[in-house]
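*Asks:* Structure of the sequence below:
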Amino acid sequence: MATSEDKIKIASSFLKAAPPDVRVLVGDDELLEGGILAALEEYNTEELATVEVPGIDGKVIVSKTGQVDADRFLDPKTSQVFSVDHFRQTASEPEAHERDEEIEELRNTIEADTEIYSADRYAEGVSAVYGSKGVITIAIVHNRYSPSNFWNGRWRSVWTLDTATSEVKGTLKCKVHYYEDGNVQLETSKDIVDKLSKNAEHPHKVVSKALIDLISAAETKYQTALNESYHELAENTFNGLRRALPYTRTKIDWSKILTYRIGAELAAK
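*Replies:* Purely as a prediction, here's the structure:
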């Protein structure tokens, strides 16, 4: 019989690889108290979970970049920190937080352009722009849930700009879960390293536009490549795995398998 420690390890591994909306996977208080909350915290910060904070309009991202201490996170738009219940994905106790004034003007400019970009590209996207010690970090997350069509998905991208070197790094991640008559999950990611054409000596608006243009081009290229891969997968790869059967575009009714020719042949054998 598995011990509580074994159950925690197993549940934690499932949580870290789980699709969006994982709260229902854990209903055991013993597991929660024994260590699952640490896995939930890691999941929420890695997946850029979004929460509603009292007194703040719109949803706010929970990320490692914005983590102030064990369970408190920063909303850079309002410069407030808040507590997070990682199990229920709820937030509370917002309070003011000091800004990094040295980089705040540039951060504000990039934040405004990022919000425009995110709203234009991602219908339900949420973004956050952090600034600290000469580094600007942009986080974008877009969740789509379609239970009537048996799928849900999440797009995440995190970009950093080192204002001293103009180096830009990005990590793009896409996760899709499809569960009609089965259980299929796709998770893919891409890391990007580039150099911004403008540096900190240029006006902030110029730097911000160059950064958003770079992000837009990279995300468009990656998403186009994903679409082409899906098309190749559906049209060729999966077909190559199938046995040679009549192409009818209809599902086999297994309760009537003997009425099909192949079923009759199998029965004869």
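*Asks:* contacting residues around Ser63?
*Replies:* Going by C-beta atoms under 8 Å, 6 or more residues apart in numbering, Ser63 touches 45, 48, 73, 128, 130, 139, 158. Quick note: C-beta positions are derived from backbone N, CA and C, even for glycine.
*Asks:* As TSV, those with neighbour count, pLDDT and distance to Ala200 would be great.
*Replies:* Converted to TSV, those look like this (neighbours: other C-beta atoms under 10 Å; pLDDT from 0 to 100; distance: C-beta to C-beta, whole Å):
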residue	neighbour count	pLDDT	distance to Ala200
Thr45	19	92	29
Leu48	26	94	27
Phe73	27	96	27
Ala128	27	97	21
Tyr130	21	97	17
Ala139	23	98	21
Val158	19	98	21
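*Asks:* now for the residues you listed, which pair is the farthest apart?
*Replies:* Using C-beta to C-beta, those span at most 14.9 Å, a distance reached by Phe73 and Val158.
*Asks:* Could you report the neighbour count for Leu186?
*Replies:* By the criterion of other C-beta atoms under 10 Å, Leu186 has 15 neighbours.
*Asks:* just Glu52 next, same as before
*Replies:* A count of nearby residues for Glu52, using other C-beta under 10 Å, gives 12.
*Asks:* check which helix or strand covers Leu226.
*Replies:* helix 204-232 (DSSP states H and E).
*Asks:* Just checking the distance from that helix to the centre of its chain.
*Replies:* 16 Å (C-alpha atoms, centre = their mean, to the nearest Å).
*Asks:* For it, which helices and strands make contact with it?
*Replies:* Under the contact criterion of 3 or more C-beta pairs under 8 Å, 6 or more residues apart in numbering; DSSP states H and E, helix 204-232 touches helix 101-121, strand 135-146, strand 151-162, strand 167-178, strand 184-195.
*Asks:* Show me what the third one is packed against.
*Replies:* By that I understand strand 151-162. In terms of contacts (3+ C-beta pairs under 8 Å, 6+ apart), strand 151-162 is packed against strand 135-146, strand 167-178, helix 204-232.
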